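Chemist: coords below, sequence missing:
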């Protein structure tokens, strides 16, 4: 498999998947996988969650749950390599080597460190780890360990790949041409907003009323949709972001024709009534949740099967990782390993 044919992406295990995650990333992962044109490699990047304060027991549970959620969401271990990052130690080995070719200045320009450290500064138990500062290097190692040619992200996330390309280029100049400079595989990413505050993106960090979980109780999900913030619907006034987000959600859920009908009605100039739209969205999302929950129940019923899938996924990933590290160690002047 040539590097330019490899697609890599990862997701942090920070709790259950919600529909913002699904339509923004995981649905696209499955589509790329099912198209069969690329070798797809997807990871639960649990090492990244260690940069912020966490509970070890919850971390372990979240990691396994995210692995299961991805299986239930359509990631097929027969078509893709799906694995847990910490089960492939080559990630951290390559990250250290990349730390030594990445400049301090490169890291100071990363906005994520500033944003996350500011979140911690007001806390009584605030602790800002060095890992929070250097985790973009691990992110580059995640991608380049598989010599991936593409990373599927929305256009608003293209900047995240810049450091990976910088590190790849610097390694190549110092030790010889080896790593490709990964490119964006642009994907359609619907803009889903918080149900309770349409000025913000759908996110778990805002609280339960702001998102819809892919596996949550269907009745709870319906109530969230029906209480979603929209606008007054008064004739002659512009449609608000909340209503626009509901139309987007309906279209993303496979009801594009119905979404178009509602839009045509709302743009007709009369008073807009959002109850029918909310009912349609609730029906579409409820149908999807029922399918996801049924699939997840099948998977979790076979606990040994999940453990075997995690072990097999890690071993498949290490087939790629060992080759890369054998080459990198030789190029960087390190002794043979394994």
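Modeler: Thanks, I have the structure now. If you're wondering where the values come from, they're calculated on a predicted model, not measured in any experiment. Residues are numbered from 1 along each chain as shown.

Chemist: quick one, strands of the protein?
Modeler: Taking DSSP state E to define them, one finds strands in the chain at 6-11, 39-44, 80-84, 150-153, 183-186.

Chemist: Give me the contacts around the third one.
Modeler: Contacts to strand 80-84, defined as Cβ atoms under 8 Å, 6 or more residues apart in numbering, come from residues 29, 33, 39-44, 46, 63, 67, 70-71, 75, 309-310, 313-314, 316-317, 320. Using the backbone N, CA and C atoms, a C-beta is placed for each residue, glycine as well.

Chemist: please redo it, this time with the cut-off set to 6 Å
Modeler: Strand 80-84 has contacts (Cβ atoms under 6 Å, 6 or more residues apart in numbering) with 33, 40-44, 46, 63, 75, 310, 313-314, 316-317.

Chemist: Going by neighbour count, which of these comes out on top?
Modeler: Most neighbours among the contacts of strand 80-84, by other Cβ atoms under 10 Å: residue 43, with 30 neighbours.

Chemist: My read is that it contacts residue 10, right?
Modeler: Yes. Here residue 43 reaches residue 10: they are 4.1 Å apart, a contact under Cβ atoms under 6 Å.

Chemist: Not counting sequence-adjacent ones, nearest residue to residue 293?
Modeler: residue 215 (5.5 Å; Cβ to Cβ, 6 or more residues apart in numbering).

Chemist: What's the local residue count around residue 112?
Modeler: That count, for residue 112 with other Cβ under 10 Å as the rule, works out to 14.

Chemist: which residues of the stretch 101-250 of the chain score low on pLDDT?
Modeler: The stretch 101-250 of the chain contains residues with pLDDT under 70 at 116-125, 154-157, 159.

Chemist: Helices of that one, residue ranges please.
Modeler: 104-108, 111-121, 130-144, 162-175, 218-226, 241-252 (DSSP state H, counting those that start in this stretch).

Chemist: If residue 186 is in a bridge, with which residues?
Modeler: On the basis of DSSP bridges, residue 186 is bridged to residue 153.

Chemist: Domain-wise, how is the chain divided?
Modeler: 3-191+303-331, 204-297 (automatic domain parsing).

Chemist: Out of these, flag the one nearest residue 337.
Modeler: domain 3-191+303-331 (5.9 Å; Cβ to Cβ).

Chemist: What confidence value was assigned to the residue of the chain positioned farthest from its centre?
Modeler: Distance from the C-alpha centroid of the chain peaks at residue 270, with 39.7 Å (Cα atoms, centre = their mean). We have a pLDDT of 83 for residue 270.

Chemist: cool, and residue 260?
Modeler: Taking residue 260 on its own, its pLDDT is 96.

Chemist: Roughly how far does it sit from residue 241?
Modeler: 19 Å (Cβ to Cβ, to the nearest Å).

Chemist: These two: who's more crowded?
Modeler: residue 241 (18 against 13).

Chemist: For the closest residue to the more buried one other than its chain neighbours, what are phi and psi?
Modeler: Closest residue in space to residue 241, ignoring its immediate chain neighbours: residue 198 at 4.0 Å, by Cβ to Cβ, 6+ apart. Phi and psi for residue 198, reported as degrees, to the nearest 10, are phi -60, psi 0.

Chemist: does residue 198 really touch residue 242, like I thought?
Modeler: Yes. Using Cβ under 6 Å, residue 198 is in contact with residue 242, at 3.8 Å.

Chemist: joint contacts of these two?
Modeler: Common neighbours of residue 198 and residue 242 (criterion: Cβ under 6 Å, 6+ apart): residue 229.

Chemist: dump the residue contacts of residue 90.
Modeler: Counted by Cβ under 6 Å, 6+ apart, residue 90 has contacts 145, 321, 325.
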